[in-house]
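Visitor: Got a predicted structure plus its sequence, pasted below:
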Amino acid sequence: MSISGIQGQLFEVTVVGCTRLKDTEWISRQDPYVCLEYGGTKFRTRTCTDGGKNPTFQEKFNIILIEGLRELKVNVWNSNTLTYDDFIGSGTVQLQKVLSQGFDDTTWPLQGKSGRYAGEVRLILHYQNANKPAATTFAPSAPPYVAPAIPQAPPYPFPPAATAAYPPPATTYPAVAPYSSYPPNPAAYPPPAYPPPPPAAYPPPSYPPSAYPPQPYPPAPAASYYPPAKMLLQVHTLESIPHRLIDTILHLVKQWHHCHYYIVSLLYSDISILCLFISCIVCI
């Protein structure tokens, strides 16, 4: 709302009191007072002796309004006799409501030097000519608001132009068709059929099994002797006798070799036992 036409008019401020003020005294109760400042003019309430954190004032002030100034500053102090007064907190009161409605009863917060909460102050504001300036200001204020609305209309067509740019990207979406190329890729899966040849590699492991056939070869020589023997018996020649003797001799030699190995093993075990026995006797 415009406040033109309020220059030089009066409005009334009633300082009711403060609540939950920050305590600046250590021993005794503090003595608060309130200062109002508007357009370089200052107003001070009386000191509420021993008011503590919740002082009461109930004092009225008539303030002359200034065109374009819609804020009232409030400062709360603690009165000291021998030293400087202690600052408790400050706040800003907005006058829009009282200028438009003619009345405002509100509690305003206070902040200390550090910006922390320092209490609250209650003010009652009265403005008798609230309706008159409002009626005179509404008419002139209306045209300005309509005028800015007209220039704002042209800008709106521009966004549609920007939306026209969106179709080209839409054309780009068909380009996404390459994704359809992925189905052909499944056809690429047949190439992995080559791995099946590795199963063919399993035959090579068969070579180790082929190692087992070599084992029968040692017995084979023995068997090879006997078939010739049979054939020699069938061929009744003089050479068959020496061959049989040789076979018999070889067989006896093998048997003797085994017996000799067994005898040597027994002797070696006996010698070991004898050595162990001798070592035990020596130790005793």
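Guide: Ah, there it is. Just so we're clear, the structure is a prediction, and the values are computed from it rather than from any experiment. Numbers count the residues shown, from 1 in each chain.
Visitor: Could you pull out the helices in the chain for me?
Guide: For the chain, the helices defined by DSSP state H cover 96-101, 131-152, 158-164, 167-175, 184-188, 197-200, 207-211, 219-234, 240-283.
Visitor: and this structure, what are its domains?
Guide: 9-127, 243-283 (the TED database).
Visitor: among those, which is the most enclosed?
Guide: domain 9-127 (a mean of 16; mean count of other C-beta atoms under 10 Å). Bear in mind the C-beta positions are built from the backbone N, C-alpha and C, glycine included.
Visitor: Any idea how far apart the tips of it sit?
Guide: 9 Å (C-alpha to C-alpha, to the nearest Å).
Visitor: Residues in a beta bridge with residue 86, which ones?
Guide: Here residue 86 sits in beta bridges with residue 78, going by DSSP bridges.
Visitor: thought it was touching residue 30?
Guide: Yes - using C-beta atoms under 8 Å, residue 86 is in contact with residue 30, at 7.4 Å.
Visitor: joint contacts of those two?
Guide: Jointly contacting residue 86 and residue 30 under the rule C-beta atoms under 8 Å, 6 or more residues apart in numbering are 24, 78.
Visitor: hmm, back to that, could I get the domains of the chain in a markdown table, plus columns for mean pLDDT?
Guide: Listed next are the domains of the chain as a markdown table, based on pLDDT from 0 to 100:
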| stretch | mean pLDDT |
| --- | --- |
| domain 9-127 | 96 |
| domain 243-283 | 70 |
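Visitor: mind listing what the closest residue to residue 108 other than its chain neighbours touches?
Guide: Nearest residue to residue 108, sequence neighbours excluded (C-beta to C-beta, 6 or more residues apart in numbering): residue 91, at 4.7 Å. With contact taken as C-beta under 8 Å, 6+ apart, residue 91 is in contact with 73, 74, 108, 109, 110, 111, 121.
Visitor: Give me the spatial nearest neighbour of the first one, chain neighbours excluded.
Guide: Right, residue 73. residue 37 is the one closest to residue 73 (C-beta to C-beta, 6+ apart), at 4.3 Å.
Visitor: go on, the last one?
Guide: Nearest-residue entry for residue 121: residue 18, 4.9 Å, with adjacent residues in sequence omitted and distances by C-beta to C-beta, 6+ apart.
Visitor: Could you tell me which residues make contact with that neighbour?
Guide: With C-beta under 8 Å, 6+ apart, residue 18 has these contacts: 32, 34, 51, 53, 54, 55, 76, 110, 119, 120, 121, 122.
Visitor: Closest one of the residues you listed to residue 129?
Guide: Nearest to residue 129 among these, counting by C-beta to C-beta, is residue 122 at 23.9 Å.
Visitor: Looks like that closest one contacts residue 16 (just checking).
Guide: Yes - with contact defined as C-beta under 8 Å, residue 122 reaches residue 16; the gap is 4.2 Å.
Visitor: which non-adjacent residue is nearest residue 33?
Guide: residue 47 (4.5 Å).
Visitor: Then residue 101?
Guide: residue 130 (6.1 Å).
Visitor: Over to residue 60?
Guide: Counting by C-beta to C-beta, 6+ apart, the residue nearest residue 60 is residue 14, at 4.8 Å.
Visitor: which residues touch that neighbour?
Guide: Per C-beta under 8 Å, 6+ apart, neighbours of residue 14: 58, 59, 60, 61, 123, 124, 125, 126.
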